[in-house]
Every structure is written in C-alpha cells, then in structure tokens.
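[1] structure for the following, please:
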Amino acid sequence: MATVRWTGRAQAISQVETITIGGTIAVGDTFSVTINKKTVTYTAAAATIADVTAGLVKAMSDKSAPAEFREITWSDQSPDVVGTGPAGVPFTCTVSKNSAAGTISRTTTTAATGPNHWDNADNWDSGSVPAALDDVYIDGTSTSILYGLNQSGVGLSSLTIGANFTGTVGLPKDNPAGYVEYRDQYLQIGASTVKIGTGEGSGSGRIKIDLGSTAASVSVWKAGAALDSGLPAVIILGSNLSTFEVVDGSAGLAVFGGDTGTATTVLVGANGSMHLGEGASVQTVTTSGQATIECNVTTLTVDDGTCTVRGDATVAALIVNGGTCQYESSGTINSMTVSGSVDFSGDMSPRTVTDTTLKRGGRILDPYRSVTFTNGIQLDGSVNDVTAA
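    Residues are numbered from 1 along each chain as shown. Coordinates of the predicted model:
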C-alpha cells in the first residue's frame with residue numbers, strides 16, 4: 001500500500017513488428033496482413049521471396065490501404081517486412097497465407113511504450129506501476145494516459161484525478177486517423193473510491209474508466225468540456241457502484257450500446273449533467289441538473305433542472321418536486337407525484353401511469369392524450385393550483 005502519483009515522463013519508443021517470408025514461393029500464392037479486422041493481401045507475381053516482401057510493402061503503404069496500415073511505416077528488408085509504428089503508439093497485426101510451401105510469420109521486435117502508458121514504471125513517481133491497495137493521484141499535468149490500460153487485476157484503495165489534470169484517460173471510440181478504435185478505450189482497474197475533478201482547474205474533457213465488479217463510489221466534482229461530440233466528458237463502466245455523483249460537468253454510465261453498468265444511487269447537482277444508457281441498472285436517481293435516462297429506475301426524483309426519460313425505460317416511482325421531467329419513454333410509471341412539470345408531448349407512444357398525484361403548482365402536459373392514467377389523477381390542493389393539459 002503506497003501513495004503513487006502520475007508523472008508521464010517515460011521515453012517514447014516505437015513498436016517494431018517484423019514479418020518474415022520464407023519457404024518456396026509459387027506465382028499466385030497470397031500473403032495477408034490484418035489489422036483491426038481489415039486485411040491487405042498481396043498475390044505473388046514472381047516465385048521469389050523478394051517479390052512478396054516488395055509487394056506487401058507497396059500494398060500496405062499505398063494511399064488506398066486502410067488507415068490502420070498507413071499510420072505505420074513499412075520497409076522492405078527481404079526476407080523481412082518491417083513495420084514501425086508512431087512513437088509510443090502500440091498496434092496489433094496478424095498474418096496469414098494460402099501457400100502450401102511458402103511461410104509467413106510475425107514477431108514483435110520492439111514493444112511500444114512511452115509517456116502515455118499506464119504500465120510503464122517510469123511514468124510514476126514511485127518508480128513502479130500502481131499495485132493493489134495503492135492510493136493513486138493524477139494531477140498537475142497535461143500528459144494523457146492512453147495505453148497499457150488493462151489493469152483489471154489491480155484493486156486500488158482510491159483513484160483521484162485532479163481538476164488541474166488537463167490530459168485525458170482512455171481513447172475515443174473513433175480514432176482521429178479515421179477508423180473505429182481497436183485498442184482498449186477504458187482504463188480497466190478496480191478502486192474503492194474514485195474522485196474526479198478535485199481542487200482547482202478546468203478539468204479533463206475525456207475520462208473513461210471501467211471499474212469491473214469492484215464495489216466503488218464515484219464522484220465527479222468537475223469535468224472539462226467534453227472532447228467527443230454528443231458524449232459526456234466522464235464515462236464510467238462498473239457493475240457494483242454504490243454511488244455515482246456528478247457535481248459540475250458531464251458524466252455517464254454505460255453510455256454506448258451494449259455496455260452495462262449498475263449503480264445503487266445516482267446524484268446530479270445543479271451544474272451537473274448525467275447520461276444513463278439503456279444498459280445501465282439504477283435504483284435511485286435524484287437530480288437538480290440535467291439528466292438523460294434510458295434505463296429502468298426504481299425511484300426518480302427531480303428537484304430542479306430538466307430530466308429526460310427516453311426509449312422504453314420504466315420508472316417505478318416518479319417524484320417531480322421542481323423543474324421538468326420530459327417523459328419520452330413508452331415505459332410504464334407505477335406512481336407519479338408532481339409538484340413541478342411532467343411533459344409527455346415529446347413522444348406520442350401510448351404509455352401508462354398507474355397512480356398519479358398532482359400537487360399545488362404541478363403541471364402535467366399530455367396534448368396528444370398518449371397517457372392512460374389508470375387510477376385517474378388525484379388532486380392534492382385546489383384545481384386552480386394545478387395545470388393538466
């Protein structure tokens with residue numbers, strides 16, 4: 001157990017991949033290299049190894065080759081084809097052939113590493129990569145953490161990311177080079193307590209953490225402007241979150257399709273924004289800011305701001321004390337108590353509210369008559385104090 005701080009000072013080293021051609025080559029034999037499920041194939045035009053290595057280099061370097069290949073420098077060193085990646089950026093390739101006698105093999109001559117690798121001991125002030133029960137601090141630097149992210153076997157005591165950390169943690173879904181990212185996108189690590197955006201500073205615009213099955217509480221005190229359009233700045237995965245809170249900035253749980261996440265309690269402050277994806281499972285949500293909910297919720301309390309419920313999400317108990325709940329889901333509401341505003345006009349799908357109580361100052365808007373109020377609407381106060389339209 002130790003306190004470990006990120007420095008990001010390791011030397012950048014390029015990955016070098018060596019592809020070796022051997023055996024007896026016949027005209028028409030094919031040799032292939034695959035990166036990110038995209039394959040470049042060369043068909044031997046001459047019965048020589050030199051023809052194959054030259055042909056592969058030309059094909060993988062051509063402007064028509066997939067972007068994954070073009071970001072690597074390929075050189076013909078017959079009987080080898082040598083691929084050198086950008087400094088510090090890892091890549092993964094496989095090789096195959098249809099030749100009975102010719103051979104193709106691949107070796108990682110030099111592994112990529114550098115200042116953006118979590119798993120490089122030179123990037124930590126302790127001289128060692130964080131281990132179980134360590135307290136990890138990432139602050140006071142702009143050096144991002146992008147690679148070596150699979151730390152799923154490590155369970156930290158705490159992970160604290162300061163608001164004065166202006167780098168990023170994790171990779172975007174879409175690589176800037178023009179392809180869907182195939183490297184790990186999330187820092188995969190356990191931590192009992194995760195605090196993001198503590199102290200002074202503008203915060204990071206991209207933090208992606210997968211906490212796995214670790215019992216954890218996550219607090220986002222401040223997040224920077226999101227770097228990925230339409231997505232929160234902080235995206236969390238985890239199946240055992242006790243609390244997920246955002247005070248200032250945007251955060252999300254299981255945002256992408258197919259992702260899952262479970263939280264007992266979700267809290268959204270007045271300056272916060274939360275996106276709960278359809279793969280999330282949440283018991284209690286209390287929001288005073290902006291919230292988008294696409295999953296089932298046991299108890300949803302809206303104290304202020306705007307909360308939008310979408311898709312086919314169901315809410316067992318909806319309590320709107322203030323602000324607005326824009327209910328654009330086809331899912332059922334078992335009980336609804338309204339002192340603020342519930343607006344059903346954004347979706348014309350038929351849905352059901354079993355028990356409804358409309359309190360003083362409350363508004364229910366259902367201009368398309370899409371809602372079936374099973375047990376009617378019970379007034380708590382004078383009819384002049386409420387709005388139902």
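
[2] could you use CA atoms for every contact and neighbour count after this?
    Noted.

[3] now do the strands in the stretch 151-300 of the chain.
    174-175, 179-180, 187-198, 207-210, 216-220, 234-253, 261-276, 280-287, 290-293, 297-302 (DSSP state E, counting those that start in this stretch).

[4] nearest to Asp347, of those strands?
    Comparing these against Asp347 with C-alpha to C-alpha, the closest turns out to be strand 290-293 (14.7 Å).

[5] which one, of the strands of the stretch 151-300 of the chain, ends up nearest to Leu318?
    strand 297-302 (5.0 Å).

[6] what's the closest one packed up against?
    When contacts are defined as 3 or more C-alpha pairs under 8 Å, 6 or more residues apart in numbering; DSSP states H and E, strand 297-302 sits against strand 280-287, strand 315-320.

[7] helices or strands next to the last one in the packing?
    Pointing back at strand 315-320 there. By 3+ C-alpha pairs under 8 Å, 6+ apart, strand 315-320 packs against strand 297-302, strand 333-338.

[8] so what does the last one touch, helix or strand wise?
    Spelled out, that is strand 333-338. Packing partners of strand 333-338 (3+ C-alpha pairs under 8 Å, 6+ apart): strand 315-320, strand 351-359.

[9] could you say what helices and strands the last one packs with?
    The criterion is 3+ C-alpha pairs under 8 Å, 6+ apart, and the helices and strands that strand 351-359 contacts are strand 333-338, strand 371-373, strand 377-380.

[10] TSV please, covering the ones you listed and showing distance to Ala46 and mean pLDDT.
    Below are the helices and strands packed on strand 351-359 laid out as TSV (distance: least, C-alpha to C-alpha, whole Å; pLDDT from 0 to 100):
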stretch	distance to Ala46	mean pLDDT
strand 333-338	71	98
strand 371-373	73	96
strand 377-380	83	86
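
[11] most tightly surrounded among those?
    strand 333-338 (a mean of 21; mean count of other C-alpha atoms under 10 Å).

[12] walk me through which strands that one pairs with, and which way each runs.
    Note on strand 333-338: by DSSP bridges, its sheet partners are strand 315-320 (parallel), strand 351-359 (parallel).

[13] what about stretch 68-76, distance to the chain center?
    Remark: stretch 68-76 is offset 28 Å from the chain centroid, using C-alpha atoms, centre = their mean, to the nearest Å.

[14] return the set of buried residues in that stretch.
    Residues of stretch 68-76 classed as buried: Glu68, Phe69, Arg70, Glu71, Ile72, Trp74, Ser75, Asp76 (neighbour count, 16 or more other C-alpha atoms under 10 Å).

[15] picking up where we left off before, which one of the helices and strands packed on strand 297-302 lies closest to Thr43?
    Of all those, it is strand 280-287 that lies closest to Thr43, at 48.0 Å by C-alpha to C-alpha.

[16] which outside residues touch that closest one?
    By C-alpha atoms under 8 Å, 6 or more residues apart in numbering, the residues outside strand 280-287 that reach it are 253-254, 259-270, 294-305, 307.

[17] can you tell me what sits against stretch 108-127?
    Under the criterion C-alpha under 8 Å, 6+ apart, residues 4-18, 85, 87-90, 128-129, 143-149 lie in contact with stretch 108-127.

[18] of those, buried ones?
    The neighbour count (16+ other C-alpha under 10 Å) marks 4-10, 12-18, 85, 88-90, 129, 143-149 as buried among these.

[19] ok, back up a step: and the strands paired with strand 333-338 as JSON lines, adding distance to Val33 and mean neighbour count?
    Listed next are these as JSON lines, based on distance: least, C-alpha to C-alpha, whole Å; neighbours: other C-alpha atoms under 10 Å:
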{"stretch": "strand 315-320", "distance to Val33": "50", "mean neighbour count": "22"}
{"stretch": "strand 351-359", "distance to Val33": "53", "mean neighbour count": "19"}
